Structures are given as structure tokens and as C-alpha cells.
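Chemist: one predicted model, sequence on top.
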Amino acid sequence: MWRGLWFCHTILNMKEIFPHQHIIRTIVTVAVFAAVFILSACEKKYAEEERKIVINEIMPVNTTTATDQDGEYDDWIELCNISSERQDISGWLLSDSKSEPAKYRFPPKTIINGNGFLIIWADADTMQNGLHAGFKLSAEGEKVILSYPDGDKVDLVEYPPSSLELSYSRNPDGRGSFRWQLPTFSGSNNTDSR
Ligand SMILES: [Ca+2]
Ligand SMILES: [Ca+2]
């Protein structure tokens, strides 16, 4: 079967023109995969560098630790501003569901001071004063998702089941990995440095 090209009335065999096709093909494939990997890594690094607010602590079982302004021991979520400048998160979103990221929208003038903390009660008491999300946290484990006003994800934390009076905390604040430890309501999680 003819496998060449007509060129100036001459049949050119492709294997003669490119005797190392398989090597070239392999190099191109590797280069494409490497480019995709580098681009995705850069995008992730860029996103992490841009991020100034993170989910810092989650307390799904609160029976003695802290009460809201009405004296109720409810679930709570702590955000941390990892920048030194105050950040306005008015209109940002908080949820326990990927498919419904806008379960709670932060009200106007919601500010977190530089390197400061902010508590949101996850108690479904949306008629109470202050920051009260319209969902509760399950002791069986679930997700907490913080998003920009347009729905783009800022941070997502998935915590495992726990029935103890502990909180799922980043240690150190803002950039550390999560673990169960004694709660630090609206304060630093850096218990190792105390
Ligand atoms: Ca409440
Ligand atoms: Ca804390």
C-alpha cells in the first residue's frame, strides 16, 4: 500500500523524511504533558498566594466552649485573615454544600482586621443578630466552603467525624495543616507556640 506523498512527480516516503518519528512523537507528548503540569502548578500557586482569607477552625460539637450573643452553644466557623491589611469580605459566600455555595452571604461591611479572626455561627438561626449561617455542622463530618461573591472558591475544608469537644484547626494559623485540638474561639490556633 502506498504510504508516501507526491512531490514534483516523486513519491516521498515519510519514514525516509522523518526516520525517527516515534522519538519526535514521544518528545512532543512529554513536552505537552510537562507544559500542562507546569501551568496548572503555577495557577494553583498563584491562587494560594492571592488568597488572604482562609477557613481556620471548625467546631461541629460545641456544648461548653462558647456561646453566641443569645447564650446558645452552637456550631461555629472561624476565618483568619492571613494578610496584614484589613479585608472586606462583604458579599462573600459560605456553605456546607458544593452544589449550593451561597447558603450564606456575608452582609455589607463585614471586615476582618489584618491577621485577625472572624466567627460565623453555623446554627441556622438566621434571624439572630450577628453572623449566623443558615446551616449547621454535622458531627458526622462534612465540607465547609468559602467562596468569593461570584462563586469562585476561596477555601474548602472537609473535616472527619468527631463527637468530642474539639475543633478542627489549622496549626499554625492560616497556612498549617488541620487537626483536632482544643478550641481557640476567635483566637490563634498556634497552641504549640504558647
Ligand atoms: Ca444561635
Ligand atoms: Ca482559633
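Modeler: Received the coordinates, thanks. Ligands and ions are numbered 1, 2, ... in the order given.
Chemist: within range of ligand 2, give me the residues from the chain.
Modeler: Counting by C-beta under 5 Å from the ion, the residues of the chain close to ligand 2 are 57, 78, 184, 189. Bear in mind the C-beta positions are built from the backbone N, C-alpha and C, glycine included.
Chemist: from what I can see the first one touches residue 77, true?
Modeler: Yes: with contacts defined as C-beta atoms under 8 Å, residue 57 counts as touching residue 77 at a distance of 7.3 Å.
Chemist: quick one: average pLDDT of the host helix or strand of residue 157?
Modeler: Element membership of residue 157, judged by DSSP states H and E, is strand 153-159. Mean pLDDT, strand 153-159: 97.
Chemist: which elements pack onto the following helix or strand past it?
Modeler: Heading C-terminal from strand 153-159, the first helix or strand you meet, by DSSP H and E, is strand 167-171. Packing partners of strand 167-171 (3 or more C-beta pairs under 8 Å, 6 or more residues apart in numbering; DSSP states H and E): strand 53-59, strand 177-181.
Chemist: quick one: the nearest residue to residue 126 once chain neighbours are set aside and residue 164, what's the gap?
Modeler: Ranked by C-beta to C-beta, 6 or more residues apart in numbering and with sequence neighbours excluded, the top spatial neighbour of residue 126 is residue 134, at 4.9 Å. Distance, residue 134 to residue 164, by C-beta to C-beta, to the nearest Å: 26 Å.
Chemist: ok, back up a step: which one of the helices and strands packed on strand 167-171 is the most hemmed in?
Modeler: strand 53-59 (a mean of 24; mean count of other C-beta atoms under 10 Å).
Chemist: what does stretch 90-97 contact?
Modeler: For stretch 90-97, contacts defined as C-beta atoms under 8 Å, 6 or more residues apart in numbering pick out 53, 77, 101-110, 120, 122, 133, 135, 137-138, 142-149, 151, 154.
Chemist: name only those of those that count as buried.
Modeler: Among the contacts of stretch 90-97, those buried by neighbour count (16 or more other C-beta atoms under 10 Å) are 53, 77, 101, 103-106, 110, 120, 122, 133, 135, 137, 142, 144-147, 154.
Chemist: what residues are bridge-paired with the spatially most central residue of the chain?
Modeler: Nearest to the geometric centre of the chain sits residue 155, at 2.1 Å (C-alpha atoms, centre = their mean). Counting by DSSP bridges, residue 155 is bridged to residue 146.
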